[in-house]
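# Curious how this folds, go ahead:
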Amino acid sequence: MQSVLYAMNDKLGGVLTLNSNLARFHKPDDFSHDVLLHHNRLDSDTRWGRPVWANRQWSFEYTLPVENLYAVLKRLKSILPIGDEGVLVANDWLELALATEYDLGRTVIQIVHDEYHLGLAVRHQVVVDAFIAHSKEFFERLRAALPSRQETIFYLPYGIPIPSRARQHASGPLRLLFVGRMTENKGVFDLPRIDEILAEAGVVVHWTLVGDGPRREALRAQWSAPGRVRYVVPEVNEDVMKVAAEHDVFVLPTRFEGFPVSLLETMGVGLVPVVSDLPGGITEVVIEGSTGYRPAAGDVEGFARAIIDLNQKRDHLEEMGSACRNLVRQRFDIQERVTAYQSLFARWRELRRARPRKITLPYGSRLDKPWIPNTVVRLYRFGSRRFRGKPVAW
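Residues are numbered from 1 along each chain as shown. Reported below is the predicted structural model:
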């Protein structure tokens with residue numbers, strides 16, 4: 001059977017949303033579009049917990065660095081269907097390590113989302129047959145980092161389902177929305193500081209924070225103002241879009257980003273983004289004063305000033321919201337973008353490169369050896385981590 005296997009962390013966020021959309025909205029072709037979700041039991045990030053809409057789906061759990069890495073990779077390989085050929089769409093280090101240790105009979109195509117994934121691309125270039133960058137910034141940086149691979153690096157913007165329901169004009173307090181994982185990297189603890197500046201300026205706003213994550217309860221304990229802020233965890237993405245359509249401004253004070261899916265989704269509804277000025281896709285769609293504002297990451301006063309400006313200039317807010325929705329509809333409609341991805345996947349035989357006879361796995365310590373039993377490694381590392389007070393899971 002020919003298949004496209006999208007492999008990624010089982011983690012709530014844009015990477016999984018992007019891949020899920022590619023699988024869900026694929027057009028009929030000769031491939032089964034499948035998903036592999038892997039989860040490290042020591043990872044505290046919130047898991048996806050939603051349908052992925054793939055033809056087939058596999059889930060895999062492991063415990064690293066407690067287990068022997070070679071044992072984990074062998075177990076992961078064993079759950080994949082025997083005899084399938086086609087494409088492995090790699091999004092993180094585990095599937096790239098798997099492709100390093102084993103010839104899977106597939107063309108490996110890595111999606112480079114941000115700085116972290118650029119590092120993976122350089123480290124694993126020997127087993128990656130082609131690279132996809134969905135932002136111009138990382139397309140150019142990939143080309144600079146891998147000058148000998150120019151013909152195997154592709155710029156393919158991703159897409160989102162365009163919401164049928166758009167934001168409607170509403171008078172009264174400005175309605176502010178955050179969507180994302182509740183972590184420090186997303187700048188969630190900047191939100192109450194921004195709100196404090198708005199309150200001091202006499203600006204009445206209503207906040208809705210959509211999402212989950214390891215810092216959600218800590219944020220709620222610090223910032224829980226009845227009538228001013230509420231926390232929501234919708235079950236499916238369609239519910240997120242319904243919530244988004246009831247707001248005016250998307251606020252994302254993130255510290256680390258490539259091209260956030262939540263940015264396109266909320267702009268597609270007609271929200272005006274106020275988002276950190278970071279390299280990547282953000283600068284492609286958020287044009288200062290035209291389709292949003294880009295304060296510096298960590299500049300809470302800059303975020304507050306942008307929100308105050310939008311609150312004072314409601315006609316401009318309406319114009320910008322319409323411009324945001326039109327931009328997303330014209331350039332990022334999933335119905336059109338999947339065609340480009342599937343066209344590349346269809347070239348899998350042409351893209352596949354000769355595999356070196358011997359490849360060194362660029363991970364592991366002295367206990368990560370194929371010949372050391374996993375039980376021995378787990379017992380030693382479990383005890384060692386427990387003695388040092390580190391998180392443990394069997």
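# So Leu37 sits against Ala54, correct?
No: assessed by Cβ atoms under 8 Å, Leu37 is found out of contact with Ala54, at 9.7 Å. Where you see a C-beta, it was placed from the backbone N, CA and C, and this is true even at glycine.
# and Asp113, what does it touch?
Just so we're on the same page, residue 113 is His rather than Asp. Gly14, Val15, Leu18, Asn91, His134, Phe138, Gly258, Phe259 (Cβ atoms under 8 Å, 6 or more residues apart in numbering).
# ok, the third one to Phe259 distance?
Meaning Leu18. The gap separating Leu18 from Phe259 is 9 Å, by Cβ to Cβ, to the nearest Å.
# Which neighbours do the two have in common?
His113, His134, Tyr158.
# Closest to Ile197 out of the residues you listed?
Nearest to Ile197 among the shared contacts of Leu18 and Phe259: His113, at 31.6 Å, using Cβ to Cβ.
# Could you check how far that closest one is from Ile132?
Distance, His113 to Ile132, by Cβ to Cβ: 9 Å.
# So which elements touch the longest helix seen in the chain?
Ranked by residue count, the top helix of the chain under DSSP state H comes out as helix 314-331. Packing contacts for helix 314-331, counted by 3 or more Cβ pairs under 8 Å, 6 or more residues apart in numbering; DSSP states H and E, involve helix 261-269, strand 272-275, helix 282-285, helix 300-312.
# Arg337: which of these is closest?
helix 261-269 (10.6 Å).
# burial measure for Ser59, as a count.
Neighbour count of Ser59, defined by other Cβ atoms under 10 Å: 14.
# hang on, I meant Arg331
When neighbours are defined as other Cβ under 10 Å, Arg331 has 14 of them.
# for the one 3 residues further on, same thing?
Under the neighbour criterion other Cβ under 10 Å, Ile334 is assigned a count of 20.
# Kindly report the same for Asp30.
10.
# Next: the one 4 residues further on.
Asp34 is flanked by 23 other residues according to other Cβ under 10 Å.
# which residues touch the host helix or strand of it?
Under the criterion of DSSP states H and E, Asp34 resides in strand 32-40. Applying Cβ under 8 Å, 6+ apart, the set of residues contacting strand 32-40 from outside is 1-11, 16, 19-20, 22-23, 26, 47-48, 52, 54-64, 76, 80, 94-95.
# 7 Å instead?
Contacts to strand 32-40, defined as Cβ atoms under 7 Å, 6 or more residues apart in numbering, come from residues 1, 3-10, 23, 26, 47-48, 52, 54-64, 94.
# go on, stretch 238-254?
Residues from elsewhere that reach stretch 238-254 (Cβ under 7 Å, 6+ apart): 163, 165-167, 174-180, 185-187, 190-191, 208, 210, 232, 234, 260, 262-263, 265-266, 269, 271-276, 297, 303, 307, 310, 317.
# Counting neighbours, show which residues of it come out buried.
Within stretch 238-254, the residues that qualify as buried are 240-241, 243-245, 247-254, counting by 16 or more other Cβ atoms under 10 Å.
# helix, strand or coil for Ser44?
coil (DSSP: H, G, I helix; E, B strand; the rest coil).
# residues in contact with it?
Pro214.
# quick one: Pro65 from Lys186, how far?
From Pro65 across to Lys186, the span is 26 Å (Cβ to Cβ).
# And the strands in the stretch 151-300 of the chain?
For the stretch 151-300 of the chain, applying DSSP state E, counting those that start in this stretch gives strands covering 153-155, 174-179, 205-210, 229-232, 249-252, 272-275.
# Would you single out the least confident of those strands?
The stretch with the lowest mean pLDDT among the strands of the stretch 151-300 of the chain is strand 229-232, at a mean of 92.
# elements contacting it?
strand 205-210 (3 or more Cβ pairs under 7 Å, 6 or more residues apart in numbering; DSSP states H and E).
# Residues in contact with the strand it packs on: which ones?
Outside strand 205-210, the residues touching it (Cβ under 7 Å, 6+ apart) are 173-179, 195, 198, 228-232, 234, 240, 243, 247.
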